[in-house]
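J.: Whatever this is, show me its structure:
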Amino acid sequence: MPQTPRPRSWPRAALTLVQAVLAALVDRDGRRQLRGVAHDTLRSRAGLVAENALLRQQLLVLHRQVARPQFTPADRGWMVAAAWVTRTWHEALLIVQPATLLRWHREMSRRGWWRTSTSGRKETAAPTTSPDTIELIRRMARANRLWGAERIRGELLKLGLRVSKRTVQKYMRGARPRRPSSPRWGTFLREHGGEIWACDFLQLYDAWFRPIFAFFLVHHATRRVIQVGVTRSPSDAWVAQQLRNATPNGQGPRFLLRDRDCKFGQVFDRVASGVGARVIRIPVRAPTANAICERFLGSIRRECRDHVLVLGERHLARVLAEYTAYFNAERPHQGLRQKVPVGNDPPANTNGRVVETPVLGGLHHAYRRAA
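T.: Residues are numbered from 1 along each chain as shown. Down below sits the predicted model:
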(Lines give C-alpha, C1' and ligand atoms only; values in the text may rest on other atoms or scores of the structure.)
Protein backbone atom coordinates (compact mmCIF):
# COMPACT_ATOMS: atom_id res chain seq x y z
CA MET A 1 0.00 0.00 0.00
CA PRO A 2 1.63 3.30 -0.99
CA GLN A 3 2.34 5.70 1.83
CA THR A 4 0.74 9.13 1.94
CA PRO A 5 3.32 11.70 0.86
CA ARG A 6 4.49 14.09 3.55
CA PRO A 7 4.92 17.81 3.01
CA ARG A 8 8.30 18.66 1.41
CA SER A 9 8.37 22.46 1.26
CA TRP A 10 10.91 23.66 3.86
CA PRO A 11 9.81 27.33 3.91
CA ARG A 12 6.17 26.42 4.35
CA ALA A 13 6.97 23.86 7.03
CA ALA A 14 9.12 26.40 8.90
CA LEU A 15 6.32 28.95 8.68
CA THR A 16 3.82 26.40 9.95
CA LEU A 17 6.08 25.48 12.87
CA VAL A 18 6.55 29.13 13.82
CA GLN A 19 2.80 29.70 13.71
CA ALA A 20 2.20 26.69 15.96
CA VAL A 21 4.79 27.88 18.48
CA LEU A 22 3.37 31.39 18.55
CA ALA A 23 -0.14 30.04 19.00
CA ALA A 24 1.08 27.83 21.82
CA LEU A 25 2.64 30.76 23.67
CA VAL A 26 -0.75 32.46 24.00
CA ASP A 27 -2.71 29.26 24.74
CA ARG A 28 -2.60 27.53 28.12
CA ASP A 29 -2.72 24.06 26.59
CA GLY A 30 0.03 25.10 24.19
CA ARG A 31 2.31 26.19 27.03
CA ARG A 32 1.76 22.85 28.72
CA GLN A 33 2.64 21.15 25.45
CA LEU A 34 5.91 23.10 25.19
CA ARG A 35 6.87 22.17 28.76
CA GLY A 36 6.09 18.53 28.00
CA VAL A 37 8.29 18.56 24.89
CA ALA A 38 11.16 20.12 26.84
CA HIS A 39 10.77 17.51 29.57
CA ASP A 40 10.67 14.61 27.08
CA THR A 41 14.02 15.60 25.58
CA LEU A 42 15.70 14.57 28.86
CA ARG A 43 14.03 11.18 29.17
CA SER A 44 15.29 7.79 27.99
CA ARG A 45 14.12 6.21 24.75
CA ALA A 46 12.69 3.15 26.51
CA GLY A 47 10.53 5.32 28.78
CA LEU A 48 9.22 7.30 25.84
CA VAL A 49 8.34 4.14 23.90
CA ALA A 50 6.47 2.70 26.89
CA GLU A 51 4.57 5.92 27.46
CA ASN A 52 3.70 6.16 23.77
CA ALA A 53 2.35 2.58 23.87
CA LEU A 54 0.17 3.45 26.88
CA LEU A 55 -1.13 6.63 25.22
CA ARG A 56 -1.78 4.80 21.95
CA GLN A 57 -3.87 2.16 23.71
CA GLN A 58 -5.96 4.83 25.41
CA LEU A 59 -6.50 6.57 22.08
CA LEU A 60 -7.66 3.30 20.54
CA VAL A 61 -10.26 2.92 23.30
CA LEU A 62 -11.42 6.53 22.88
CA HIS A 63 -11.56 6.14 19.12
CA ARG A 64 -14.08 3.30 19.56
CA GLN A 65 -16.35 5.13 22.01
CA VAL A 66 -16.07 8.91 21.73
CA ALA A 67 -17.76 11.05 19.09
CA ARG A 68 -15.86 13.19 16.60
CA PRO A 69 -13.56 15.63 18.47
CA GLN A 70 -13.33 19.35 17.84
CA PHE A 71 -9.89 20.80 16.99
CA THR A 72 -8.81 24.34 17.77
CA PRO A 73 -6.38 26.22 15.48
CA ALA A 74 -3.62 25.62 18.03
CA ASP A 75 -4.35 21.86 18.00
CA ARG A 76 -4.12 21.77 14.24
CA GLY A 77 -0.84 23.72 14.27
CA TRP A 78 0.72 21.35 16.79
CA MET A 79 -0.32 18.26 14.85
CA VAL A 80 1.01 19.65 11.56
CA ALA A 81 4.31 20.63 13.17
CA ALA A 82 4.66 17.24 14.90
CA ALA A 83 3.89 15.41 11.64
CA TRP A 84 6.71 17.32 9.92
CA VAL A 85 9.39 15.99 12.30
CA THR A 86 7.88 12.47 12.56
CA ARG A 87 8.79 10.05 9.77
CA THR A 88 5.86 7.69 10.47
CA TRP A 89 3.31 10.43 11.06
CA HIS A 90 0.67 8.78 8.87
CA GLU A 91 0.79 5.66 11.06
CA ALA A 92 0.56 7.67 14.32
CA LEU A 93 -2.73 9.33 13.35
CA LEU A 94 -5.72 7.76 15.09
CA ILE A 95 -8.45 10.40 15.32
CA VAL A 96 -8.02 12.07 11.90
CA GLN A 97 -7.17 10.86 8.43
CA PRO A 98 -3.80 11.67 6.78
CA ALA A 99 -5.64 13.58 4.06
CA THR A 100 -7.18 15.80 6.74
CA LEU A 101 -3.76 16.66 8.15
CA LEU A 102 -2.44 17.49 4.68
CA ARG A 103 -5.44 19.74 4.10
CA TRP A 104 -4.71 21.57 7.36
CA HIS A 105 -1.12 22.06 6.24
CA ARG A 106 -2.20 23.52 2.91
CA GLU A 107 -4.69 25.88 4.56
CA MET A 108 -2.12 27.12 7.12
CA SER A 109 0.46 27.67 4.41
CA ARG A 110 -2.03 29.51 2.23
CA ARG A 111 -3.08 31.80 5.08
CA GLY A 112 0.56 32.45 6.03
CA TRP A 113 1.61 33.45 2.52
CA TRP A 114 -1.55 35.51 2.07
CA ARG A 115 -0.82 37.54 5.20
CA THR A 116 2.74 38.25 4.10
CA SER A 117 1.80 39.15 0.53
CA THR A 118 0.62 42.55 -0.62
CA SER A 119 -2.77 41.11 -1.62
CA GLY A 120 -3.58 40.38 1.99
CA ARG A 121 -3.14 43.97 3.11
CA LYS A 122 -6.34 45.90 3.31
CA GLU A 123 -6.22 49.27 1.70
CA THR A 124 -8.86 51.62 3.00
CA ALA A 125 -9.91 54.31 0.58
CA ALA A 126 -12.00 57.28 1.45
CA PRO A 127 -15.58 57.02 0.16
CA THR A 128 -16.21 59.09 -2.94
CA THR A 129 -20.01 59.27 -2.49
CA SER A 130 -21.22 61.99 -0.15
CA PRO A 131 -23.53 61.11 2.76
CA ASP A 132 -26.26 63.33 1.29
CA THR A 133 -26.20 61.38 -1.97
CA ILE A 134 -26.30 58.06 -0.11
CA GLU A 135 -29.31 59.19 1.89
CA LEU A 136 -31.03 60.39 -1.29
CA ILE A 137 -30.47 56.99 -2.94
CA ARG A 138 -32.00 55.21 0.04
CA ARG A 139 -34.93 57.62 0.18
CA MET A 140 -35.67 57.05 -3.53
CA ALA A 141 -35.44 53.28 -3.06
CA ARG A 142 -37.88 53.31 -0.13
CA ALA A 143 -40.39 55.62 -1.79
CA ASN A 144 -40.35 53.94 -5.21
CA ARG A 145 -40.55 50.16 -4.83
CA LEU A 146 -40.82 49.60 -8.58
CA TRP A 147 -37.64 51.47 -9.45
CA GLY A 148 -34.42 49.63 -10.12
CA ALA A 149 -30.84 50.80 -9.82
CA GLU A 150 -30.68 52.19 -13.35
CA ARG A 151 -33.94 54.10 -12.87
CA ILE A 152 -32.66 55.71 -9.67
CA ARG A 153 -29.36 56.49 -11.37
CA GLY A 154 -31.28 58.34 -14.09
CA GLU A 155 -33.10 60.43 -11.49
CA LEU A 156 -29.77 61.31 -9.89
CA LEU A 157 -28.37 62.41 -13.24
CA LYS A 158 -31.34 64.77 -13.59
CA LEU A 159 -30.26 66.34 -10.31
CA GLY A 160 -26.63 66.64 -11.46
CA LEU A 161 -25.33 63.73 -9.36
CA ARG A 162 -23.12 61.29 -11.27
CA VAL A 163 -22.84 57.88 -9.62
CA SER A 164 -22.38 54.42 -11.06
CA LYS A 165 -25.03 51.73 -11.18
CA ARG A 166 -22.98 49.56 -8.82
CA THR A 167 -22.93 52.36 -6.25
CA VAL A 168 -26.70 52.74 -6.45
CA GLN A 169 -27.16 48.98 -6.01
CA LYS A 170 -24.85 49.00 -3.01
CA TYR A 171 -26.80 51.61 -1.05
CA MET A 172 -30.33 50.71 -2.12
CA ARG A 173 -29.89 47.07 -1.07
CA GLY A 174 -30.42 47.78 2.62
CA ALA A 175 -33.07 50.46 2.12
CA ARG A 176 -35.88 48.09 1.17
CA PRO A 177 -36.53 44.36 1.24
CA ARG A 178 -35.89 42.31 -1.85
CA ARG A 179 -38.86 42.36 -4.20
CA PRO A 180 -40.26 38.86 -4.81
CA SER A 181 -40.38 37.59 -8.35
CA SER A 182 -44.17 37.14 -8.16
CA PRO A 183 -46.97 38.27 -5.81
CA ARG A 184 -47.27 36.20 -2.68
CA TRP A 185 -50.39 34.32 -1.65
CA GLY A 186 -51.01 36.64 1.31
CA THR A 187 -50.88 39.69 -0.96
CA PHE A 188 -53.32 38.06 -3.36
CA LEU A 189 -55.77 37.31 -0.54
CA ARG A 190 -55.62 40.86 0.81
CA GLU A 191 -56.29 42.34 -2.61
CA HIS A 192 -58.95 39.89 -3.81
CA GLY A 193 -60.32 38.38 -0.56
CA GLY A 194 -63.65 40.10 -1.06
CA GLU A 195 -64.10 38.33 -4.41
CA ILE A 196 -63.18 34.80 -3.27
CA TRP A 197 -65.40 32.03 -1.97
CA ALA A 198 -64.12 28.66 -0.85
CA CYS A 199 -66.05 25.40 -0.58
CA ASP A 200 -65.33 22.00 0.87
CA PHE A 201 -66.93 18.86 2.29
CA LEU A 202 -66.73 17.57 5.86
CA GLN A 203 -67.48 13.88 6.39
CA LEU A 204 -69.16 13.09 9.71
CA TYR A 205 -70.90 10.08 11.28
CA ASP A 206 -74.14 9.75 13.20
CA ALA A 207 -74.78 7.69 16.35
CA TRP A 208 -75.09 4.51 14.27
CA PHE A 209 -71.79 5.15 12.45
CA ARG A 210 -73.46 6.04 9.17
CA PRO A 211 -71.62 8.65 7.09
CA ILE A 212 -73.10 12.11 6.59
CA PHE A 213 -71.56 14.80 4.42
CA ALA A 214 -71.74 18.52 5.18
CA PHE A 215 -71.02 21.09 2.47
CA PHE A 216 -69.87 24.65 3.27
CA LEU A 217 -69.29 27.86 1.32
CA VAL A 218 -67.09 30.44 3.09
CA HIS A 219 -66.35 34.04 2.14
CA HIS A 220 -62.62 34.73 2.36
CA ALA A 221 -62.59 38.39 3.33
CA THR A 222 -65.19 38.23 6.13
CA ARG A 223 -64.94 34.50 7.06
CA ARG A 224 -68.73 34.42 6.80
CA VAL A 225 -70.35 31.05 6.14
CA ILE A 226 -72.58 31.61 3.12
CA GLN A 227 -74.17 28.18 2.63
CA VAL A 228 -74.48 24.99 4.66
CA GLY A 229 -75.86 21.75 3.24
CA VAL A 230 -76.18 18.24 4.69
CA THR A 231 -76.76 15.00 2.75
CA ARG A 232 -75.94 11.32 2.88
CA SER A 233 -75.24 10.91 -0.82
CA PRO A 234 -73.55 13.98 -2.32
CA SER A 235 -73.52 14.20 -6.09
CA ASP A 236 -72.56 16.71 -8.73
CA ALA A 237 -76.15 17.87 -9.16
CA TRP A 238 -76.68 18.26 -5.40
CA VAL A 239 -73.51 20.34 -4.99
CA ALA A 240 -74.51 22.51 -7.95
CA GLN A 241 -77.91 23.11 -6.31
CA GLN A 242 -76.14 24.29 -3.14
CA LEU A 243 -74.28 26.87 -5.21
CA ARG A 244 -77.57 28.00 -6.78
CA ASN A 245 -79.07 28.41 -3.30
CA ALA A 246 -76.11 30.57 -2.28
CA THR A 247 -76.53 32.85 -5.33
CA PRO A 248 -80.29 33.47 -5.63
CA ASN A 249 -79.78 36.71 -7.57
CA GLY A 250 -77.42 35.09 -10.08
CA GLN A 251 -74.36 37.02 -8.89
CA GLY A 252 -71.46 35.00 -7.53
CA PRO A 253 -67.86 35.66 -6.56
CA ARG A 254 -65.05 36.29 -8.97
CA PHE A 255 -63.08 33.24 -7.81
CA LEU A 256 -64.32 29.99 -6.31
CA LEU A 257 -61.76 27.69 -4.66
CA ARG A 258 -62.40 23.96 -4.46
CA ASP A 259 -60.39 20.79 -4.16
CA ARG A 260 -60.20 17.96 -6.69
CA ASP A 261 -62.91 15.82 -5.11
CA CYS A 262 -65.01 13.86 -7.59
CA LYS A 263 -68.15 15.31 -5.96
CA PHE A 264 -67.42 18.50 -7.90
CA GLY A 265 -68.25 17.75 -11.51
CA GLN A 266 -69.12 19.46 -14.75
CA VAL A 267 -72.55 20.57 -13.56
CA PHE A 268 -71.04 22.42 -10.62
CA ASP A 269 -68.47 24.12 -12.88
CA ARG A 270 -71.20 25.20 -15.33
CA VAL A 271 -73.30 26.71 -12.54
CA ALA A 272 -70.21 28.53 -11.23
CA SER A 273 -69.51 29.93 -14.69
CA GLY A 274 -73.14 30.98 -15.00
CA VAL A 275 -72.92 33.18 -11.89
CA GLY A 276 -69.64 34.73 -13.09
CA ALA A 277 -67.24 32.71 -10.91
CA ARG A 278 -63.95 31.32 -12.09
CA VAL A 279 -63.36 27.89 -10.53
CA ILE A 280 -59.82 27.41 -9.19
CA ARG A 281 -58.80 23.89 -8.20
CA ILE A 282 -56.15 23.70 -5.52
CA PRO A 283 -53.02 21.58 -6.15
CA VAL A 284 -52.98 17.89 -5.37
CA ARG A 285 -52.41 17.09 -1.67
CA ALA A 286 -52.14 20.77 -0.77
CA PRO A 287 -54.97 21.52 1.69
CA THR A 288 -53.18 24.67 2.88
CA ALA A 289 -54.03 26.24 -0.48
CA ASN A 290 -57.62 26.30 0.83
CA ALA A 291 -56.52 27.23 4.34
CA ILE A 292 -59.46 29.45 5.37
CA CYS A 293 -62.02 26.78 4.58
CA GLU A 294 -59.89 24.10 6.24
CA ARG A 295 -59.61 26.32 9.32
CA PHE A 296 -63.39 26.58 9.48
CA LEU A 297 -63.80 22.81 9.17
CA GLY A 298 -61.41 22.41 12.09
CA SER A 299 -63.54 24.80 14.16
CA ILE A 300 -66.63 22.75 13.31
CA ARG A 301 -64.95 19.61 14.66
CA ARG A 302 -63.41 21.13 17.80
CA GLU A 303 -66.22 23.45 18.84
CA CYS A 304 -69.32 21.59 17.70
CA ARG A 305 -69.16 18.05 16.32
CA ASP A 306 -66.82 16.57 18.95
CA HIS A 307 -69.30 17.52 21.69
CA VAL A 308 -72.64 16.64 20.06
CA LEU A 309 -74.08 13.17 19.40
CA VAL A 310 -75.72 13.38 15.97
CA LEU A 311 -78.87 11.29 15.55
CA GLY A 312 -79.47 11.77 11.85
CA GLU A 313 -79.35 14.01 8.83
CA ARG A 314 -81.97 16.51 9.96
CA HIS A 315 -80.49 16.68 13.44
CA LEU A 316 -77.05 17.50 11.99
CA ALA A 317 -78.60 20.15 9.73
CA ARG A 318 -80.17 21.88 12.76
CA VAL A 319 -76.94 21.71 14.77
CA LEU A 320 -74.83 23.12 11.95
CA ALA A 321 -77.37 25.86 11.21
CA GLU A 322 -77.30 26.98 14.85
CA TYR A 323 -73.51 26.87 15.02
CA THR A 324 -72.99 28.76 11.75
CA ALA A 325 -75.40 31.46 12.92
CA TYR A 326 -73.31 31.79 16.09
CA PHE A 327 -70.10 31.64 14.02
CA ASN A 328 -71.23 34.44 11.71
CA ALA A 329 -72.78 36.85 14.22
CA GLU A 330 -71.19 36.20 17.63
CA ARG A 331 -67.86 34.42 17.50
CA PRO A 332 -64.70 36.63 17.32
CA HIS A 333 -62.02 35.59 14.85
CA GLN A 334 -58.29 35.96 15.21
CA GLY A 335 -57.90 36.39 11.45
CA LEU A 336 -60.22 39.43 11.66
CA ARG A 337 -58.44 40.95 14.68
CA GLN A 338 -61.02 39.58 17.11
CA LYS A 339 -63.99 40.85 15.09
CA VAL A 340 -67.03 38.84 13.99
CA PRO A 341 -67.82 38.15 10.30
CA VAL A 342 -71.18 39.94 10.40
CA GLY A 343 -69.67 42.63 12.55
CA ASN A 344 -71.50 44.98 14.84
CA ASP A 345 -69.82 48.12 16.11
CA PRO A 346 -69.09 48.20 19.85
CA PRO A 347 -72.05 49.64 21.77
CA ALA A 348 -71.89 53.30 22.65
CA ASN A 349 -73.22 52.54 26.12
CA THR A 350 -70.70 50.37 27.92
CA ASN A 351 -72.58 50.49 31.23
CA GLY A 352 -75.57 48.41 30.18
CA ARG A 353 -76.34 44.98 31.54
CA VAL A 354 -74.60 42.04 29.81
CA VAL A 355 -77.08 39.50 28.46
CA GLU A 356 -75.94 35.89 28.10
CA THR A 357 -77.55 33.64 25.47
CA PRO A 358 -76.77 29.89 25.39
CA VAL A 359 -75.84 28.32 22.07
CA LEU A 360 -76.13 24.56 21.31
CA GLY A 361 -77.62 23.83 24.69
CA GLY A 362 -74.99 25.78 26.61
CA LEU A 363 -71.95 24.48 24.74
CA HIS A 364 -71.21 28.12 23.87
CA HIS A 365 -72.65 31.43 25.01
CA ALA A 366 -73.20 34.69 23.19
CA TYR A 367 -72.82 37.93 25.14
CA ARG A 368 -74.46 41.25 24.31
CA ARG A 369 -75.28 44.41 26.19
CA ALA A 370 -78.94 45.07 26.78
CA ALA A 371 -80.41 48.05 24.99
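
J.: And the strands in the stretch 101-250 of the chain, which stretches?
T.: Under the criterion DSSP state E, counting those that start in this stretch, the stretch 101-250 of the chain contains strands at 196-205, 211-219, 225-231.

J.: For these, give me JSON lines that also has distance to Thr247.
T.: Any C-beta I mention is one placed from the backbone N, CA and C, and that applies to glycine too. Shown next, in JSON lines, are the strands of the stretch 101-250 of the chain (distance: least, C-beta to C-beta, whole Å):
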{"stretch": "strand 196-205", "distance to Thr247": "10"}
{"stretch": "strand 211-219", "distance to Thr247": "10"}
{"stretch": "strand 225-231", "distance to Thr247": "9"}
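
J.: mind showing which ranges of the stretch 201-350 of the chain have poor pLDDT?
T.: Scanning the stretch 201-350 of the chain for pLDDT under 70 picks out 344, 348, 350.

J.: ok so, going back, closest to Leu256 out of the strands of the stretch 101-250 of the chain?
T.: strand 196-205 (5.2 Å; C-beta to C-beta).

J.: hmm, back to that, tell me which of the strands of the stretch 101-250 of the chain lies nearest to Arg337.
T.: Closest to Arg337 of the strands of the stretch 101-250 of the chain is strand 211-219 (C-beta to C-beta; 16.7 Å).

J.: about what we covered before: possible to save the strands of the stretch 101-250 of the chain as CSV with distance to Ala141 and mean neighbour count?
T.: Output for these, formatted as CSV (distance: least, C-beta to C-beta, whole Å; neighbours: other C-beta atoms under 10 Å):
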stretch, distance to Ala141, mean neighbour count
strand 196-205, 33, 19
strand 211-219, 38, 20
strand 225-231, 43, 20
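
J.: so where do the helices sit in the stretch 151-300 of the chain?
T.: 165-172, 185-192, 236-246, 266-274, 291-303 (DSSP state H, counting those that start in this stretch).

J.: Check which helices and strands the first one is in contact with.
T.: Other elements packing on helix 165-172 under the criterion 3 or more C-beta pairs under 8 Å, 6 or more residues apart in numbering; DSSP states H and E are helix 131-143, helix 149-158.

J.: Just the residues contacting the last one, thanks.
T.: Contacts to helix 149-158, defined as C-beta atoms under 8 Å, 6 or more residues apart in numbering, come from residues 133, 136-137, 140-141, 144, 147, 162-165, 168-169, 172.

J.: hmm, try it at 6 Å
T.: Met140, Val163, Lys165, Val168, Gln169 (C-beta atoms under 6 Å, 6 or more residues apart in numbering).

J.: Near the fourth one, how many other residues are there?
T.: The criterion is other C-beta atoms under 10 Å. On that basis, Val168 has 26 neighbouring residues.

J.: just the first one next, same as before
T.: Under the neighbour criterion other C-beta under 10 Å, Met140 is assigned a count of 19.

J.: Equivalent analysis for the third one, please.
T.: Taking other C-beta under 10 Å as the criterion, the count of residues near Lys165 is 12.

J.: For it, give me its contacts.
T.: Residues near Lys165 by C-beta under 6 Å, 6+ apart: Ala149, Glu150, Arg153.

J.: Against Glu135, how distant is it?
T.: 18 Å (C-beta to C-beta, to the nearest Å).

J.: Kindly report the same for the second one.
T.: Here the criterion is C-beta to C-beta. By it, Val163 lies 13 Å from Glu135.

J.: So for those two, which residue has more residues nearby?
T.: Shown here are Val163 and Glu135; by other C-beta under 10 Å, Val163 has more neighbours (21 against 12).

J.: how close does that one sit to Gly148?
T.: On the measure of C-beta to C-beta, Val163 and Gly148 end up 14 Å apart.

J.: Any chance of the helices and strands packed on helix 165-172 in TSV with distance to Val267 and mean pLDDT as columns?
T.: Listed next are those as TSV, based on distance: least, C-beta to C-beta, whole Å; pLDDT from 0 to 100:
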stretch	distance to Val267	mean pLDDT
helix 131-143	51	88
helix 149-158	51	88
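
J.: Which one, of those, ends up nearest to Arg318?
T.: Judging the helices and strands packed on helix 165-172 by C-beta to C-beta, what sits closest to Arg318 is helix 131-143, at 55.8 Å.

J.: now what about the closest one, what contacts it?
T.: Ile152, Leu161, Val168, Tyr171, Met172, Ala175, Arg176.
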